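Visitor: Sharing a sequence plus its predicted fold:
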Amino acid sequence: MQGNDAPAPAGIVLAAGLGTRMGAFKQLLPLGDRRLVEVVVDQLCGRLGRVVVVVGHRAEEVIRVLGDRPVQCAFNPDYRLGMSTSVQCGIRSAGPAAAYLICLGDQPCLAGLLDPLFSGAAKSSKGICIPTFQGRRGHPLLIHRRYAEEIMSLTPDQGLNTVTRAHPHDTLEVPVEESGALEDLDTPADYQQVLHRYRGEGHG
């Protein structure tokens, strides 16, 4: 992905899931004066040439919350079958792009991760870039378009790591200082922790 003049990747936000472990529809959980999905999307708008938000469960509510933001919402009818179907839906909807930035819809702390990830990718020829915090791999994932066909061939029971683990020599780990690389909201305790930190940073 070398080259500072490379076009911005297309962003894909995975916001289709049921969130059963949370016990609530986490995409619409309040975070400050916005909803979780708004916080995620707002960090990408203006940074990327295109942002696709993949919706599924309670799709109309998510679309309504996002309002007139410059994003494309894509409905994944197979969202109950697994996350890989949402990644495929996002790539299909985004169309051709130099690369795809695949983001979790429940990962609110993206802003401090984008610059290191994009900078690392610009200096490297590797096609898969993954942020790491204290040696642990996290999200979002930046993946070159040459892997699009391989991703599209995944079966619903295969995760995206089926692709990333198959190409260790084409993978760049980008160390980041933000613990948000490992942060997503799966349980009520996760939500309370992020909510506490968000308020502590003065977001309301």
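Guide: Structure's in. What do you need? Computed from a predicted structure; not experimentally measured.
Visitor: And stretch 12-31, what's buried?
Guide: By 16 or more other Cβ atoms under 10 Å, the buried positions in stretch 12-31 come out as 12-17, 19, 22, 25-29, 31. Yep, even glycine has a C-beta here, placed from its N, CA and C like the rest.
Visitor: Same check on stretch 118-136?
Guide: 118, 120-121, 124, 126-131, 133.
Visitor: okay, and for the protein, where does confidence drop off?
Guide: The chain contains residues with pLDDT under 70 at 1-7, 23, 200-204.
Visitor: Swap in 50 and give it another go.
Guide: Within the chain, the segments meeting pLDDT under 50 span 3-5.
Visitor: residue ranges for the strands of it, please.
Guide: 10-15, 30-31, 34-35, 50-55, 72-75, 99-104, 128-133, 136-137, 141-144, 171-175 (DSSP state E).
Visitor: List the strands paired with the fourth one, with their directions.
Guide: Applying DSSP bridges, strand 50-55 is found paired with strand 10-15 (parallel), strand 72-75 (parallel).
Visitor: and if you look at the last one?
Guide: Applying DSSP bridges to the sheet, strand 171-175 is found paired with strand 128-133 (parallel).
Visitor: residues in contact with the strand it pairs with?
Guide: The contact list for strand 128-133 (Cβ atoms under 8 Å, 6 or more residues apart in numbering) reads 1, 113, 116-117, 120-121, 137-144, 147, 163-164, 167, 170-179, 181-182.
Visitor: Next: stretch 108-121.
Guide: Looking at stretch 108-121 with Cβ under 8 Å, 6+ apart, the contacting residues turn out to be 1, 31, 36, 39-40, 43-44, 47, 99, 101, 103, 129, 131, 140, 142, 172, 174-181, 183, 185, 194, 198.
Visitor: Repeat that for stretch 173-185.
Guide: Contacts to stretch 173-185, defined as Cβ under 8 Å, 6+ apart, come from residues 22, 26, 29, 36, 104, 106-110, 112-113, 116-117, 120-121, 129-133, 136-139, 190-191, 194.
Visitor: mind redoing it with 7 Å?
Guide: The contact list for stretch 173-185, computed with Cβ atoms under 7 Å, 6 or more residues apart in numbering, reads 22, 26, 36, 104, 106-107, 109-110, 112-113, 116-117, 120, 129-133, 136-139, 191, 194.
Visitor: Stretch 150-165 too?
Guide: Under Cβ under 7 Å, 6+ apart, the answer for stretch 150-165 is 78, 81-85, 87-88, 91, 128, 130, 141, 147, 171.
Visitor: Residue 74: neighbouring residues, count only.
Guide: When neighbours are counted by other Cβ atoms under 10 Å, residue 74 registers 21.
Visitor: right, and it touches residue 89 too?
Guide: Yes - Residue 74 lies in contact with residue 89 (Cβ atoms under 7 Å); the separation is 5.5 Å.
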